[in-house]
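**Q** could you look at this predicted model? Sequence included:
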Amino acid sequence: MSILAERGHARPATPVPAQPRPVRVLRGRRGEVHRPPTRARVVAGRRPAGAPCAAPRRVPVRWPWLAALAVASCLVVTALGLLGGGTASAPVPERTATVSVGQGDTLSSLAAQFAPGSDTSAVVARIKELNRLDGAVLVPGLPLTVPVADAVPAP
């Protein structure tokens, strides 16, 4: 220890006294001592609102309400799907006719022309099935077999 004392690395034997904080006395309050602004005030065991240790209050999750809300949402979506998509169109007509493709005709325009009350995509699928068409390229003058509704006369 004597080696450390000679080099100046040893602590002094007596502690250095800390300097006291200045205390302000407010006038007009009968000499009450004013707290420094860094000290938090604790009232009735509560922590102050701005304290770093104050955790936010957690609201308990009410699982039955969440489950009921999920079930109700599913029922509403299902009901809207049934009501909105429930408009069934007429089925694809069974009667067929052979027509010649004109300039600028498409399968969907032919389906709308010869089966106006039916679902156009179902009629197009039926035309492709009847004529064994893979692609949708139509050549003018090509004879096609198409489903025909009863109200539309065959050309």
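**A** Ah, there it is.
**Q** next structured bit after the longest helix along the chain?
**A** Across the chain, the helix with the greatest residue count (assigned by DSSP state H) is helix 63-84. Counting by DSSP states H and E, the next helix or strand C-terminal to helix 63-84 is strand 96-100.
**Q** what is the following helix or strand past that following strand packed up against?
**A** Scanning forward in sequence from strand 96-100 by DSSP H and E, the next helix or strand is helix 107-114. On a contact count with 3 or more CB pairs under 8 Å, 6 or more residues apart in numbering; DSSP states H and E, helix 107-114 meets strand 96-100, helix 120-131, strand 143-147. For glycine as for every other residue, the C-beta is placed from the backbone atoms N, C-alpha and C.
**Q** let's see helix 107-114 as CSV, backbone CA atoms only.
**A** Coordinates of the C-alpha atoms in helix 107-114 are reproduced here as CSV (Å, rounded to 0.1, in the frame of the first residue of the first chain):
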residue,chain,number,x,y,z
LEU,A,107,-68.0,-15.2,-77.9
SER,A,108,-69.5,-13.0,-75.3
SER,A,109,-71.4,-10.8,-77.9
LEU,A,110,-72.8,-14.0,-79.5
ALA,A,111,-73.8,-15.3,-76.0
ALA,A,112,-75.5,-12.0,-75.1
GLN,A,113,-77.3,-11.9,-78.5
PHE,A,114,-78.7,-15.5,-78.6
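**Q** contacts for that helix?
**A** 97, 99, 101, 118, 120, 123-124, 127-128, 133, 136, 138, 144, 146-149, 152 (CB atoms under 8 Å, 6 or more residues apart in numbering).
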